[in-house]
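In: Build me a model:
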Amino acid sequence: MDETLTYLKERYKDEQARFDHFENKCAKFLTDVSVVIAALTALVSAKGRVLFTLNGPWDFIALGCFFAAALCVVCSWGHALSALRIRDCPALPSSRQTVEWMKGADAQDNQQHVYNCYIDTLEKLKSAIDEKSKPLDFAYNEMVFAAWALSLLAVISISKELFA
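Out: Next up, the predicted model:
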């Protein structure tokens, strides 16, 4: 049983580190998406009339690309914010009542209780990490779509300048 508890302690540390990793990744991603939103806003404020003159079909496609990218970026920001949502990080029971019970229990019951605590907490922690990973994955995919739309917008804009 001692080897099993040692294994569970290591798994618990690994899962806690994984939870922290997701928290940090969400925060960094949210910051990056906020910078992209600010950059798109600045671009439209400074060059909106030049970029979107709407004289031909390519201009309408460019405008559509911009709106698609803007929508994807805003959705990505929302999903990143959702992934970062503060919720309890599952932790091992540490109440006074638990410790008092453990002091009075025999060694076998004590080890079984600790074993059960680790198993239950690991399951909750894995579930919490999975809940964070889904919206973060959506946010990343939306940024990929936004990058494609902005790339097409850049190609159209460069082509208009070169062939004008």
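In: Just the pLDDT for Thr41.
Out: pLDDT for Thr41: 88.
In: Check the gap between it and Val74 for me.
Out: Applying CB to CB, to the nearest Å, the value for Thr41 to Val74 is 11 Å. To be clear about C-beta, it is placed using only N, CA and C from the backbone, and glycine gets the same treatment.
In: When these two are compared, which one has more neighbours?
Out: Between Thr41 and Val74, Val74 has the larger neighbour count (other CB atoms under 10 Å), namely 16 against 11.
In: Spatially nearest residue to the residue nearest the centre of the chain (excluding sequence neighbours)?
Out: What sits nearest the mean C-alpha location of the chain, by CA atoms, centre = their mean, is Leu136, with 2.9 Å. Ranked by CB to CB, 6 or more residues apart in numbering and with sequence neighbours excluded, the top spatial neighbour of Leu136 is Ala83, at 4.2 Å.
In: Which of the helices or strands spans that neighbour?
Out: Using DSSP states H and E, Ala83 sits within helix 57-84.
In: Can you list the buried residues in that helix?
Out: Residues of helix 57-84 classed as buried by neighbour count (16 or more other CB atoms under 10 Å): 59, 62-63, 65-66, 68-70, 72-84.
In: any chance you could map the helices in the chain?
Out: 2-51, 57-84, 96-104, 107-162 (DSSP state H).
In: Off-centre distance for the first one?
Out: Think helix 2-51. 5 Å (CA atoms, centre = their mean, to the nearest Å).
In: same deal with the shortest one?
Out: Relative to the mean C-alpha coordinate of its chain, helix 96-104 is positioned 38 Å out (CA atoms, centre = their mean).
In: Show me what it packs onto, helices and strands only.
Out: Applying 3 or more CB pairs under 8 Å, 6 or more residues apart in numbering; DSSP states H and E, we find helix 96-104 packed against helix 107-162.
In: Find the nearest non-adjacent residue to Ala147, please.
Out: Ala69 (7.9 Å).
In: Pretty sure Ala68 sits against Ser151.
Out: No: the pair Ala68 / Ser151 is not scored as a contact, 11.5 Å apart, by CB atoms under 8 Å.
In: can you pull the buried residues of the lowest-mean-pLDDT helix or strand in the chain?
Out: Of all helical and strand segments in the chain, the minimum by mean pLDDT, DSSP states H and E falls on helix 96-104, at a mean of 77. Buried positions in helix 96-104, judged by neighbour count with 16+ other CB under 10 Å: none.
In: CA-only coordinates of that helix, as PDB, when you get a sec.
Out: Taking Å, rounded to 0.1, in the frame of the first residue of the first chain, the C-alpha atoms of helix 96-104 are listed here in PDB:
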ATOM      1  CA  ARG A  96      -9.800  19.400  11.200                       C
ATOM      2  CA  GLN A  97     -12.400  16.600  11.400                       C
ATOM      3  CA  THR A  98     -10.400  14.500   8.900                       C
ATOM      4  CA  VAL A  99      -7.100  14.900  10.700                       C
ATOM      5  CA  GLU A 100      -8.700  14.100  14.100                       C
ATOM      6  CA  TRP A 101     -10.300  10.900  12.600                       C
ATOM      7  CA  MET A 102      -6.900   9.900  11.100                       C
ATOM      8  CA  LYS A 103      -5.200  10.300  14.400                       C
ATOM      9  CA  GLY A 104      -7.600   7.900  16.100                       C
END
